[in-house]
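Asker: Pasting a predicted model and its sequence here:
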Amino acid sequence: MSDEKIPAAHLRKDESGRWLEHELSDHLSSVAKIASNFASEFGNADWARAAGMLHDLGKFNPRWQEYLRKSNGDYLEEHDGQD
């Protein structure tokens, strides 16, 4: 089994201190749907959907994911690939 984490768009702790992750794929899909609904009023739902799916695509970069987790405290030294 892999220790790889699913790419996250956002991380936050809930009231009990448990980490909540907003999965990046879910975030992109949700933004695409909202943008598409908004832009359908002026005939550009397809373009807005594409923009929504692409707007945070760079967050799939493993270095960004490492930064996101380190800067939010959701990071263990034992999982950083070092001995």
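Answerer: Nice, thanks for sending it over.
Asker: the strands in the chain, which residues?
Answerer: Counting by DSSP state E, the chain has strands at residues 8-13, 19-23.
Asker: can you redo these as TSV with mean neighbour count?
Answerer: The way it works is simple: take the backbone N, C-alpha and C, and place the C-beta from them, glycine included. Putting the strands of the chain into TSV (neighbours: other Cβ atoms under 10 Å) gives the following:
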stretch	mean neighbour count
strand 8-13	15
strand 19-23	14
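Asker: Out of those strands, flag the one nearest Ser40.
Answerer: Evaluated over those, closeness to Ser40 peaks at strand 8-13, with 23.7 Å, by Cβ to Cβ.
Asker: List the contacts of the closest one.
Answerer: Judged by Cβ atoms under 8 Å, 6 or more residues apart in numbering, the contacts made with strand 8-13 from elsewhere in the structure are 19-24, 26-28, 56, 59, 65, 68-69, 72, 74.
Asker: redo that, cut-off 6 Å
Answerer: Strand 8-13 is contacted by residues 19-22, 24, 27, 56, 59, 72, 74 when judged by Cβ atoms under 6 Å, 6 or more residues apart in numbering.
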